[in-house]
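Colleague: predicted model follows, preceded by the sequence.
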Amino acid sequence: MARSNGAASTQAPRLDDELGRRHSGTFDAARDRGYNSSVFAYTRHLARALLALVLATTLGMQLWALRAPHALHLPAQQRVISNNPKLGIHTRLSGVADEAYIRQSLAQAREMGAGWVVELFPWAYAQPRSRYGYDWGGFDMIIQHAARQGLTVVARLDIVPEWARPAGSSDRLLDEAHYADYAEYVAAFLARYRPLGVRHVIVWNEPNLAFEWGRRRPEPAAYAALLKAVYPRAKAAAPDAVVLAAGLAPVTDTTSDGSDHQSDLAYLAELYAAGAAPFFDMLAAHAYGAQQPPEAAPAPETINFRRPELLHAIMAAHADGAKPIMITEGGWNDSSRWHGAVLPSQRLRWTVAAYAMARTRGWLAAVCLWQLGTPWATHTYQDNWSFVAPDGTPKAIYWAVRAASGAP
(Lines give C-alpha, C1' and ligand atoms only; values in the text may rest on other atoms or scores of the structure.)
Protein backbone atom coordinates (compact mmCIF):
# COMPACT_ATOMS: atom_id res chain seq x y z
CA MET A 1 0.00 0.00 0.00
CA ALA A 2 2.87 2.23 0.87
CA ARG A 3 4.42 1.70 -2.52
CA SER A 4 1.15 2.10 -4.21
CA ASN A 5 0.53 5.25 -2.27
CA GLY A 6 4.01 6.28 -3.05
CA ALA A 7 3.56 5.51 -6.68
CA ALA A 8 0.37 7.37 -6.76
CA SER A 9 1.94 10.28 -4.98
CA THR A 10 4.86 10.07 -7.32
CA GLN A 11 2.66 10.09 -10.41
CA ALA A 12 0.34 12.83 -9.20
CA PRO A 13 2.78 15.66 -9.63
CA ARG A 14 3.59 14.39 -13.09
CA LEU A 15 -0.10 14.40 -13.98
CA ASP A 16 -0.47 17.83 -12.50
CA ASP A 17 2.55 18.96 -14.39
CA GLU A 18 1.13 17.53 -17.58
CA LEU A 19 -2.21 19.14 -16.95
CA GLY A 20 -0.43 22.37 -16.14
CA ARG A 21 1.56 22.14 -19.31
CA ARG A 22 -1.56 21.36 -21.28
CA HIS A 23 -3.44 24.22 -19.69
CA SER A 24 -0.43 26.45 -20.17
CA GLY A 25 -0.19 25.39 -23.83
CA THR A 26 -3.87 26.05 -24.33
CA PHE A 27 -3.48 29.47 -22.73
CA ASP A 28 -0.36 30.20 -24.77
CA ALA A 29 -2.15 29.17 -27.97
CA ALA A 30 -5.11 31.32 -27.10
CA ARG A 31 -2.81 34.13 -26.17
CA ASP A 32 -0.93 33.73 -29.45
CA ARG A 33 -4.16 33.62 -31.39
CA GLY A 34 -5.33 36.77 -29.60
CA TYR A 35 -2.02 38.45 -30.20
CA ASN A 36 -2.06 37.53 -33.89
CA SER A 37 -5.65 38.71 -34.17
CA SER A 38 -4.73 42.03 -32.56
CA VAL A 39 -1.76 42.45 -34.87
CA PHE A 40 -3.93 41.66 -37.87
CA ALA A 41 -6.61 44.15 -36.75
CA TYR A 42 -4.01 46.81 -36.09
CA THR A 43 -2.37 46.19 -39.47
CA ARG A 44 -5.72 46.32 -41.23
CA HIS A 45 -6.61 49.57 -39.42
CA LEU A 46 -3.22 51.05 -40.28
CA ALA A 47 -3.62 50.06 -43.93
CA ARG A 48 -7.03 51.67 -44.05
CA ALA A 49 -5.68 54.82 -42.42
CA LEU A 50 -2.79 54.99 -44.88
CA LEU A 51 -5.16 54.44 -47.81
CA ALA A 52 -7.43 57.22 -46.54
CA LEU A 53 -4.42 59.49 -46.15
CA VAL A 54 -3.25 58.75 -49.69
CA LEU A 55 -6.72 59.37 -51.10
CA ALA A 56 -7.12 62.60 -49.11
CA THR A 57 -3.69 63.80 -50.21
CA THR A 58 -4.41 62.97 -53.85
CA LEU A 59 -7.78 64.70 -53.71
CA GLY A 60 -6.23 67.70 -51.99
CA MET A 61 -3.53 67.94 -54.64
CA GLN A 62 -6.14 67.72 -57.40
CA LEU A 63 -8.24 70.45 -55.79
CA TRP A 64 -5.16 72.61 -55.30
CA ALA A 65 -4.20 72.07 -58.92
CA LEU A 66 -7.63 73.34 -59.94
CA ARG A 67 -7.52 76.37 -57.64
CA ALA A 68 -3.84 77.24 -57.62
CA PRO A 69 -2.74 80.12 -59.83
CA HIS A 70 -1.51 78.92 -63.19
CA ALA A 71 1.23 80.58 -65.18
CA LEU A 72 -0.44 82.64 -67.88
CA HIS A 73 0.70 82.69 -71.48
CA LEU A 74 0.86 86.45 -71.86
CA PRO A 75 1.84 88.09 -75.14
CA ALA A 76 4.36 90.90 -75.48
CA GLN A 77 3.09 94.34 -74.52
CA GLN A 78 0.86 95.85 -77.20
CA ARG A 79 -0.73 99.25 -77.74
CA VAL A 80 -3.96 100.33 -79.35
CA ILE A 81 -3.64 102.17 -82.67
CA SER A 82 -6.82 104.08 -83.46
CA ASN A 83 -7.97 107.46 -84.69
CA ASN A 84 -10.88 107.37 -82.23
CA PRO A 85 -9.90 107.45 -78.53
CA LYS A 86 -13.55 106.90 -77.53
CA LEU A 87 -14.02 103.62 -79.38
CA GLY A 88 -14.79 100.68 -77.10
CA ILE A 89 -16.62 97.35 -76.94
CA HIS A 90 -18.36 95.21 -74.32
CA THR A 91 -16.76 91.78 -73.91
CA ARG A 92 -18.23 88.58 -72.40
CA LEU A 93 -15.25 86.78 -70.87
CA SER A 94 -15.97 86.16 -67.17
CA GLY A 95 -16.56 82.48 -66.55
CA VAL A 96 -14.63 81.48 -69.67
CA ALA A 97 -11.74 79.28 -68.59
CA ASP A 98 -10.16 79.10 -72.05
CA GLU A 99 -7.09 81.35 -71.93
CA ALA A 100 -6.55 81.07 -75.68
CA TYR A 101 -10.07 82.37 -76.32
CA ILE A 102 -9.60 85.27 -73.88
CA ARG A 103 -6.27 86.19 -75.43
CA GLN A 104 -7.72 86.07 -78.94
CA SER A 105 -10.80 88.11 -78.02
CA LEU A 106 -8.87 90.90 -76.35
CA ALA A 107 -6.37 90.97 -79.21
CA GLN A 108 -9.30 91.31 -81.62
CA ALA A 109 -10.66 94.24 -79.60
CA ARG A 110 -7.31 96.01 -79.83
CA GLU A 111 -6.89 95.20 -83.53
CA MET A 112 -10.36 96.68 -84.20
CA GLY A 113 -9.13 99.96 -82.75
CA ALA A 114 -11.01 99.72 -79.44
CA GLY A 115 -9.12 101.18 -76.52
CA TRP A 116 -11.90 100.49 -73.98
CA VAL A 117 -13.50 97.21 -72.92
CA VAL A 118 -16.41 96.79 -70.51
CA GLU A 119 -16.54 93.45 -68.70
CA LEU A 120 -18.70 92.00 -65.94
CA PHE A 121 -16.79 90.67 -62.93
CA PRO A 122 -19.44 88.90 -60.81
CA TRP A 123 -19.14 89.26 -57.06
CA ALA A 124 -20.50 85.70 -56.83
CA TYR A 125 -17.43 84.42 -58.69
CA ALA A 126 -14.95 86.17 -56.42
CA GLN A 127 -16.57 85.20 -53.10
CA PRO A 128 -18.77 82.17 -53.78
CA ARG A 129 -18.75 80.72 -50.27
CA SER A 130 -18.38 83.50 -47.71
CA ARG A 131 -17.15 87.02 -47.10
CA TYR A 132 -13.78 85.64 -46.02
CA GLY A 133 -11.24 85.41 -48.81
CA TYR A 134 -11.35 85.80 -52.59
CA ASP A 135 -10.91 83.63 -55.65
CA TRP A 136 -9.30 85.93 -58.23
CA GLY A 137 -8.03 83.33 -60.71
CA GLY A 138 -10.47 83.93 -63.57
CA PHE A 139 -10.39 87.70 -63.14
CA ASP A 140 -6.57 87.73 -63.10
CA MET A 141 -6.53 86.06 -66.50
CA ILE A 142 -8.81 88.66 -68.07
CA ILE A 143 -7.21 91.70 -66.46
CA GLN A 144 -3.63 90.67 -67.18
CA HIS A 145 -4.36 89.86 -70.81
CA ALA A 146 -6.25 93.14 -71.23
CA ALA A 147 -3.31 95.04 -69.77
CA ARG A 148 -0.92 93.34 -72.20
CA GLN A 149 -3.18 94.41 -75.08
CA GLY A 150 -3.04 98.01 -73.88
CA LEU A 151 -6.79 98.11 -73.14
CA THR A 152 -8.57 100.19 -70.51
CA VAL A 153 -10.92 97.93 -68.56
CA VAL A 154 -14.24 99.21 -67.23
CA ALA A 155 -15.38 96.70 -64.61
CA ARG A 156 -19.07 96.14 -64.01
CA LEU A 157 -19.44 94.70 -60.51
CA ASP A 158 -22.64 92.91 -59.50
CA ILE A 159 -24.29 89.44 -59.14
CA VAL A 160 -24.80 88.52 -55.48
CA PRO A 161 -23.31 85.31 -54.01
CA GLU A 162 -25.71 82.92 -52.27
CA TRP A 163 -24.37 83.64 -48.79
CA ALA A 164 -25.25 87.35 -49.14
CA ARG A 165 -28.94 86.92 -50.05
CA PRO A 166 -31.98 84.95 -48.87
CA ALA A 167 -32.19 81.31 -49.92
CA GLY A 168 -33.86 80.85 -53.29
CA SER A 169 -33.76 84.55 -54.13
CA SER A 170 -32.52 86.25 -57.29
CA ASP A 171 -28.78 86.71 -57.67
CA ARG A 172 -29.53 90.41 -58.25
CA LEU A 173 -31.05 90.86 -54.80
CA LEU A 174 -28.78 92.95 -52.61
CA ASP A 175 -30.41 94.14 -49.42
CA GLU A 176 -29.05 96.96 -47.31
CA ALA A 177 -27.69 94.55 -44.69
CA HIS A 178 -25.07 93.47 -47.25
CA TYR A 179 -24.18 96.86 -48.74
CA ALA A 180 -21.00 96.87 -46.64
CA ASP A 181 -20.02 93.41 -47.94
CA TYR A 182 -20.48 94.54 -51.53
CA ALA A 183 -18.55 97.75 -50.85
CA GLU A 184 -15.72 95.65 -49.44
CA TYR A 185 -15.69 93.60 -52.65
CA VAL A 186 -15.43 96.74 -54.77
CA ALA A 187 -12.57 98.01 -52.60
CA ALA A 188 -10.73 94.68 -52.76
CA PHE A 189 -11.17 94.56 -56.54
CA LEU A 190 -9.66 98.03 -56.95
CA ALA A 191 -6.83 97.31 -54.52
CA ARG A 192 -5.86 94.23 -56.52
CA TYR A 193 -6.22 95.58 -60.05
CA ARG A 194 -5.37 99.27 -59.79
CA PRO A 195 -1.66 98.37 -60.24
CA LEU A 196 -2.70 96.76 -63.56
CA GLY A 197 -4.41 99.93 -64.75
CA VAL A 198 -8.02 99.34 -63.68
CA ARG A 199 -9.68 102.52 -62.36
CA HIS A 200 -13.24 102.39 -63.65
CA VAL A 201 -15.89 100.42 -61.75
CA ILE A 202 -19.63 100.35 -62.47
CA VAL A 203 -21.79 99.93 -59.38
CA TRP A 204 -24.57 97.53 -60.41
CA ASN A 205 -26.58 97.30 -63.62
CA GLU A 206 -29.97 98.66 -64.70
CA PRO A 207 -31.43 99.12 -61.21
CA ASN A 208 -34.51 100.74 -62.78
CA LEU A 209 -35.70 97.24 -63.75
CA ALA A 210 -37.26 94.94 -61.16
CA PHE A 211 -35.39 92.00 -62.67
CA GLU A 212 -31.99 93.64 -62.08
CA TRP A 213 -33.02 94.90 -58.64
CA GLY A 214 -33.65 91.41 -57.29
CA ARG A 215 -37.24 91.12 -58.53
CA ARG A 216 -38.23 94.03 -56.31
CA ARG A 217 -39.76 97.38 -57.11
CA PRO A 218 -37.02 99.75 -58.34
CA GLU A 219 -36.04 102.19 -55.60
CA PRO A 220 -33.80 105.13 -56.57
CA ALA A 221 -33.30 106.07 -52.90
CA ALA A 222 -32.10 102.53 -52.09
CA TYR A 223 -29.65 102.61 -54.99
CA ALA A 224 -28.45 106.05 -53.84
CA ALA A 225 -27.74 104.48 -50.43
CA LEU A 226 -25.68 101.79 -52.17
CA LEU A 227 -23.59 104.42 -53.94
CA LYS A 228 -23.06 106.19 -50.62
CA ALA A 229 -21.80 102.94 -49.08
CA VAL A 230 -19.48 102.06 -51.96
CA TYR A 231 -17.94 105.40 -52.94
CA PRO A 232 -15.78 106.08 -49.84
CA ARG A 233 -14.52 102.48 -49.75
CA ALA A 234 -13.59 102.63 -53.44
CA LYS A 235 -11.71 105.91 -52.99
CA ALA A 236 -9.90 104.57 -49.94
CA ALA A 237 -8.68 101.60 -51.97
CA ALA A 238 -7.75 103.67 -55.05
CA PRO A 239 -7.94 107.45 -54.66
CA ASP A 240 -8.03 107.97 -58.44
CA ALA A 241 -10.79 105.41 -58.98
CA VAL A 242 -13.64 106.42 -61.29
CA VAL A 243 -16.93 105.22 -59.82
CA LEU A 244 -19.71 104.94 -62.40
CA ALA A 245 -23.37 104.97 -61.46
CA ALA A 246 -25.14 102.05 -63.11
CA GLY A 247 -26.31 102.17 -66.67
CA LEU A 248 -30.09 102.48 -66.72
CA ALA A 249 -32.28 100.49 -69.09
CA PRO A 250 -33.94 102.81 -71.64
CA VAL A 251 -37.63 102.79 -70.67
CA THR A 252 -40.29 104.91 -72.34
CA ASP A 253 -43.34 103.42 -70.62
CA THR A 254 -44.72 106.07 -68.28
CA THR A 255 -48.02 104.30 -67.60
CA SER A 256 -46.58 101.54 -65.41
CA ASP A 257 -47.17 101.61 -61.66
CA GLY A 258 -43.39 101.26 -61.26
CA SER A 259 -43.41 97.79 -59.77
CA ASP A 260 -41.72 96.21 -62.79
CA HIS A 261 -39.72 99.09 -64.28
CA GLN A 262 -39.23 102.82 -64.09
CA SER A 263 -38.34 105.34 -66.76
CA ASP A 264 -34.60 105.91 -66.89
CA LEU A 265 -35.19 109.65 -67.02
CA ALA A 266 -37.45 109.68 -63.95
CA TYR A 267 -35.13 107.31 -62.11
CA LEU A 268 -32.09 109.54 -62.66
CA ALA A 269 -34.00 112.61 -61.46
CA GLU A 270 -35.02 110.77 -58.30
CA LEU A 271 -31.44 109.62 -57.81
CA TYR A 272 -30.36 113.24 -57.66
CA ALA A 273 -33.24 114.04 -55.31
CA ALA A 274 -31.94 111.28 -53.01
CA GLY A 275 -28.57 113.02 -52.76
CA ALA A 276 -26.51 110.66 -54.92
CA ALA A 277 -24.56 113.33 -56.86
CA PRO A 278 -21.41 113.38 -54.68
CA PHE A 279 -21.13 109.59 -54.77
CA PHE A 280 -20.37 108.88 -58.43
CA ASP A 281 -17.81 110.32 -60.83
CA MET A 282 -19.39 109.29 -64.12
CA LEU A 283 -22.71 107.94 -65.35
CA ALA A 284 -22.94 104.73 -67.36
CA ALA A 285 -25.59 104.76 -70.09
CA HIS A 286 -27.21 102.20 -72.38
CA ALA A 287 -27.76 103.52 -75.89
CA TYR A 288 -29.59 101.01 -78.05
CA GLY A 289 -30.53 102.38 -81.45
CA ALA A 290 -33.65 100.24 -81.95
CA GLN A 291 -34.61 100.80 -85.60
CA GLN A 292 -33.49 104.38 -85.91
CA PRO A 293 -30.23 105.74 -87.33
CA PRO A 294 -27.71 107.25 -84.92
CA GLU A 295 -28.49 110.82 -85.92
CA ALA A 296 -32.21 110.53 -85.02
CA ALA A 297 -33.15 113.20 -82.49
CA PRO A 298 -33.75 112.06 -78.91
CA ALA A 299 -37.14 112.35 -77.21
CA PRO A 300 -38.49 111.04 -73.90
CA GLU A 301 -40.98 108.77 -75.68
CA THR A 302 -38.37 107.32 -78.06
CA ILE A 303 -35.57 104.79 -77.66
CA ASN A 304 -32.64 105.56 -79.89
CA PHE A 305 -28.89 105.99 -79.84
CA ARG A 306 -28.98 109.62 -78.73
CA ARG A 307 -31.04 109.00 -75.61
CA PRO A 308 -28.00 109.64 -73.34
CA GLU A 309 -28.33 113.31 -74.34
CA LEU A 310 -31.55 113.39 -72.30
CA LEU A 311 -29.70 111.93 -69.32
CA HIS A 312 -27.00 114.57 -69.72
CA ALA A 313 -29.66 117.29 -69.72
CA ILE A 314 -30.98 116.00 -66.38
CA MET A 315 -27.46 116.01 -64.99
CA ALA A 316 -26.97 119.59 -66.16
CA ALA A 317 -30.28 120.60 -64.57
CA HIS A 318 -28.85 119.39 -61.25
CA ALA A 319 -25.62 121.37 -61.73
CA ASP A 320 -23.79 118.14 -62.58
CA GLY A 321 -23.32 118.64 -66.32
CA ALA A 322 -19.53 118.61 -66.09
CA LYS A 323 -19.68 114.97 -65.07
CA PRO A 324 -19.07 112.68 -68.09
CA ILE A 325 -21.20 109.84 -69.41
CA MET A 326 -19.90 106.55 -70.79
CA ILE A 327 -22.02 104.36 -73.05
CA THR A 328 -21.37 100.87 -71.67
CA GLU A 329 -24.00 99.05 -73.76
CA GLY A 330 -25.71 99.87 -77.01
CA GLY A 331 -25.90 99.30 -80.73
CA TRP A 332 -28.13 97.60 -83.27
CA ASN A 333 -29.18 94.01 -83.95
CA ASP A 334 -29.34 92.61 -87.51
CA SER A 335 -31.14 89.30 -86.98
CA SER A 336 -33.63 88.31 -89.67
CA ARG A 337 -35.68 86.56 -86.97
CA TRP A 338 -36.39 89.48 -84.65
CA HIS A 339 -38.97 92.21 -85.11
CA GLY A 340 -36.70 94.80 -83.48
CA ALA A 341 -33.75 94.25 -85.82
CA VAL A 342 -32.41 96.25 -88.75
CA LEU A 343 -30.78 95.19 -92.01
CA PRO A 344 -27.15 94.08 -91.78
CA SER A 345 -26.17 96.93 -94.10
CA GLN A 346 -27.93 99.45 -91.84
CA ARG A 347 -26.28 98.06 -88.74
CA LEU A 348 -22.88 98.31 -90.34
CA ARG A 349 -23.28 101.93 -91.51
CA TRP A 350 -25.01 103.11 -88.35
CA THR A 351 -22.44 101.53 -86.03
CA VAL A 352 -19.55 103.20 -87.85
CA ALA A 353 -21.42 106.52 -87.74
CA ALA A 354 -22.22 106.15 -84.02
CA TYR A 355 -18.58 105.67 -83.13
CA ALA A 356 -17.66 108.72 -85.21
CA MET A 357 -20.42 110.78 -83.53
CA ALA A 358 -18.93 110.08 -80.11
CA ARG A 359 -15.94 112.24 -80.97
CA THR A 360 -18.20 115.28 -81.27
CA ARG A 361 -19.67 114.95 -77.77
CA GLY A 362 -17.31 116.46 -75.23
CA TRP A 363 -19.23 115.03 -72.26
CA LEU A 364 -19.06 111.50 -73.67
CA ALA A 365 -16.06 109.55 -72.33
CA ALA A 366 -16.38 106.45 -74.52
CA VAL A 367 -18.79 104.28 -76.49
CA CYS A 368 -18.62 100.55 -75.71
CA LEU A 369 -21.24 98.77 -77.81
CA TRP A 370 -22.75 95.36 -77.10
CA GLN A 371 -20.92 93.00 -77.80
CA LEU A 372 -17.62 91.67 -79.18
CA GLY A 373 -18.74 88.03 -79.07
CA THR A 374 -19.24 84.90 -76.99
CA PRO A 375 -17.70 81.43 -77.23
CA TRP A 376 -21.17 79.92 -77.53
CA ALA A 377 -24.11 80.37 -79.89
CA THR A 378 -27.66 80.78 -78.62
CA HIS A 379 -29.17 80.20 -82.08
CA THR A 380 -31.49 83.14 -81.40
CA TYR A 381 -31.47 86.82 -82.32
CA GLN A 382 -29.08 87.37 -79.39
CA ASP A 383 -26.22 86.12 -81.56
CA ASN A 384 -26.73 89.10 -83.85
CA TRP A 385 -25.43 91.65 -81.41
CA SER A 386 -21.93 90.20 -81.79
CA PHE A 387 -19.06 91.59 -83.86
CA VAL A 388 -17.27 88.21 -83.87
CA ALA A 389 -18.75 84.72 -84.37
CA PRO A 390 -18.39 82.08 -81.62
CA ASP A 391 -15.56 80.37 -83.54
CA GLY A 392 -13.60 83.64 -83.54
CA THR A 393 -14.36 84.65 -87.12
CA PRO A 394 -14.87 88.45 -87.39
CA LYS A 395 -18.13 89.56 -89.01
CA ALA A 396 -18.45 92.28 -91.64
CA ILE A 397 -19.28 94.85 -88.97
CA TYR A 398 -15.98 94.14 -87.23
CA TRP A 399 -14.01 94.81 -90.40
CA ALA A 400 -15.97 97.99 -91.10
CA VAL A 401 -15.28 99.42 -87.64
CA ARG A 402 -11.64 98.42 -87.85
CA ALA A 403 -11.23 100.13 -91.22
CA ALA A 404 -12.91 103.30 -89.95
CA SER A 405 -10.70 103.41 -86.84
CA GLY A 406 -7.51 103.48 -88.90
CA ALA A 407 -6.20 100.40 -87.10
CA PRO A 408 -3.53 98.60 -89.11
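Modeller: Yep, that arrived. Quantities reported herein were computed from a predicted structural model and do not represent experimental measurements. Numbers count the residues shown, from 1 in each chain.
Colleague: touching, residue 175 and residue 169? I think so.
Modeller: No. Counting by C-beta atoms under 8 Å, residue 175 sits too far from residue 169 to count as a contact (9.2 Å). (Glycine included, C-beta is placed from N, CA and C.)
Colleague: hey, what's in contact with both of the two?
Modeller: Here residue 175 and residue 169 have residue 214 as joint contacts, going by C-beta atoms under 8 Å, 6 or more residues apart in numbering.
Colleague: next one: the closest residue to residue 400 other than its chain neighbours from residue 278, what distance?
Modeller: Computed as C-beta to C-beta, 6 or more residues apart in numbering, the closest residue to residue 400 that is not its neighbour in sequence is residue 348, at 5.0 Å. Plainly put, residue 348 is 42 Å away from residue 278 if you go by C-beta to C-beta, to the nearest Å.
Colleague: same check, this time on residue 373
Modeller: As for residue 373, its distance to residue 278 is 38 Å (criterion: C-beta to C-beta).
Colleague: and for residue 387?
Modeller: Counting by C-beta to C-beta - residue 387 and residue 278 are separated by 37 Å.
Colleague: for the residue nearest to residue 400, give me its contacts.
Modeller: Residues in contact with residue 348, defined by C-beta under 8 Å, 6+ apart, are 396-397, 400.
Colleague: please state the backbone phi and psi of it?
Modeller: The phi/psi pair for residue 348 (degrees, to the nearest 10) reads phi -60, psi -50.
Colleague: quick one, strands of the stretch 151-300 of the chain?
Modeller: Along the stretch 151-300 of the chain, counting by DSSP state E, counting those that start in this stretch, strands occupy 152-157, 200-203, 242-248, 282-288.
Colleague: paired strands for the last one, with orientation please.
Modeller: The reference is to strand 282-288. Within its sheet, and counting by DSSP bridges, strand 282-288 is paired with strand 242-248 (parallel), strand 325-331 (parallel).
Colleague: need those strands in JSON lines (columns: distance to residue 363).
Modeller: Listed next are those as JSON lines, based on distance: least, C-beta to C-beta, whole Å:
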{"stretch": "strand 242-248", "distance to residue 363": "14"}
{"stretch": "strand 325-331", "distance to residue 363": "6"}
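Colleague: need those in TSV with distance to residue 126 and mean pLDDT, can you?
Modeller: Shown next, in TSV, are the strands paired with strand 282-288 (distance: least, C-beta to C-beta, whole Å; pLDDT from 0 to 100):
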stretch	distance to residue 126	mean pLDDT
strand 242-248	18	98
strand 325-331	20	98
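Colleague: now these in JSON lines, with mean neighbour count and distance to residue 367?
Modeller: Formatted as JSON lines, the strands paired with strand 282-288 follow (neighbours: other C-beta atoms under 10 Å; distance: least, C-beta to C-beta, whole Å):
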{"stretch": "strand 242-248", "mean neighbour count": "26", "distance to residue 367": "12"}
{"stretch": "strand 325-331", "mean neighbour count": "25", "distance to residue 367": "5"}
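Colleague: all good on my end, thank you.
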